[in-house]
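A.B. asks: Dropping a prediction and its sequence here:
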Amino acid sequence: MKPMNFRGRAVLITGASSGLGREMARLLATQHGAHLIPVARRADRLAELKRELEADSSIQVHPIVADLSKLEDVDRVIDEVTSRYDLYGAILNAGLTHFGAHHKLEWSEFQRMLDLNVTGVVRMTSRLLGPLEAQSGGLMLVSSLAGIVTVPYQTAYSATKAFLIHYGCGLSHELSGRNVSITTYAPGGVDTEMTIGDQFGPLRKWLMPASQAAREGVEALRKRKPLHIPGVTNRWGTALVGMLPRGFTTKIVAAQYRRALEKTGGL
């Protein structure tokens, strides 16, 4: 398939009120001329984004307030988008993490994480593939390097992102030769609201600026890459990890995260 051309086309972005989602929305509008459908829980943030991006009169922004951990909100968003737009692109970016000992993760928190990171994503993907294929479009699942490398103390989050890696890469192969592409994006740590807490302080030097992660993500979607890991260091590191025993690499990651938690009383 040809690379995607977003100009004048409708693109859905979830988790668009802050961080990576917000930066990708800005980039798609200002650099690629896309019309945006940003989705998030915070109405005030979405209204602010709409005002900012529609300062360019050629850009249309249609925000939708929704909690995508709730299946009824997921279906409402899909119904609204597909009834109003010829959807060309979708970036499923909304996600939730837990950084700390697994026993401190309440069941309700885990259920919400699972509903947002996995169930809602699968529901959206399944229902959006048809409309996207009709426009020769593309969909991107935002996973994480934590889905490739086991991350203790983010164990449940790491597991949900591993699901997205396998789900996205598997679908990409299944849909090969069709008029739609699936891109799975796996950034390492990104400097966003999700990583702003004190517990991430000792790990902050490893975080990629959201603007850089957004550029690489949008470009991966545009080029219809099946899987993309941003940053040369991350790509080399992932290749190295693949050659080492999993128990060894998991122990190294665990030690780094445990030290960070111990410094901030997170354990």
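C.D. replies: Yep, it's here.

A.B. asks: Please, where are all the strands along the protein?
C.D. replies: Here the chain has its strands, by DSSP state E, at 10-14, 35-40, 64-65, 87-92, 138-142, 181-185, 190-191, 208-209, 227-228.

A.B. asks: Go through the ones you listed and name the closest to Gly217.
C.D. replies: Among the strands of the chain, strand 181-185 comes nearest to Gly217, with 4.9 Å by Cβ to Cβ. In short, each C-beta sits where N, CA and C put it, glycine included.

A.B. asks: Okay, angle between the closest one and strand 138-142 too, please.
C.D. replies: 20 degrees (axes from the mean of the first three to the mean of the last three Cα atoms, to 10 degrees).

A.B. asks: Can you get me the centre-to-centre distance for strand 181-185 and its chain?
C.D. replies: Mean C-alpha position of strand 181-185 versus that of the full chain (Cα atoms, centre = their mean, to the nearest Å) differs by 11 Å.

A.B. asks: residues making contact with it?
C.D. replies: For strand 181-185, the external contacting residues (Cβ atoms under 8 Å, 6 or more residues apart in numbering) are 1, 4, 125, 137-143, 164-165, 168-169, 171-172, 175, 216-217, 220-221, 224-228, 230.

A.B. asks: Then stretch 47-67?
C.D. replies: Contacts of stretch 47-67 (Cβ under 8 Å, 6+ apart): 16-17, 22, 25-26, 29-30, 33-43, 46, 73-74, 76-77, 80-81, 84-85.

A.B. asks: Out of those residues, which sit inside helices?
C.D. replies: 22, 25-26, 29-30, 43, 46, 73-74, 76-77, 80-81, 84 (DSSP state H).

A.B. asks: Tell me where the chain has helices.
C.D. replies: 19-30, 43-53, 71-84, 107-114, 120-134, 155-174, 210-222, 232-243, 246-263.

A.B. asks: Contacts only, for the residue nearest to Lys104 when sequence neighbours are not counted.
C.D. replies: Nearest non-adjacent residue to Lys104, counting by Cβ to Cβ, 6 or more residues apart in numbering: His98, 7.9 Å away. By Cβ under 8 Å, 6+ apart, the residues touching His98 are Lys104, Leu105, Glu109, Phe110, Met113, Gln154, Ala156, Tyr157.

A.B. asks: okay, Leu175: pLDDT?
C.D. replies: Reported pLDDT at Leu175 in the predicted model: 96.

A.B. asks: Would you mind measuring from the closest residue to Ile78 other than its chain neighbours to Leu92?
C.D. replies: The shortest distance from Ile78 to any residue other than its chain neighbours is 4.9 Å, reached at Arg127 (Cβ to Cβ, 6+ apart). Distance of Arg127 to Leu92, computed by Cβ to Cβ, to the nearest Å: 12 Å.
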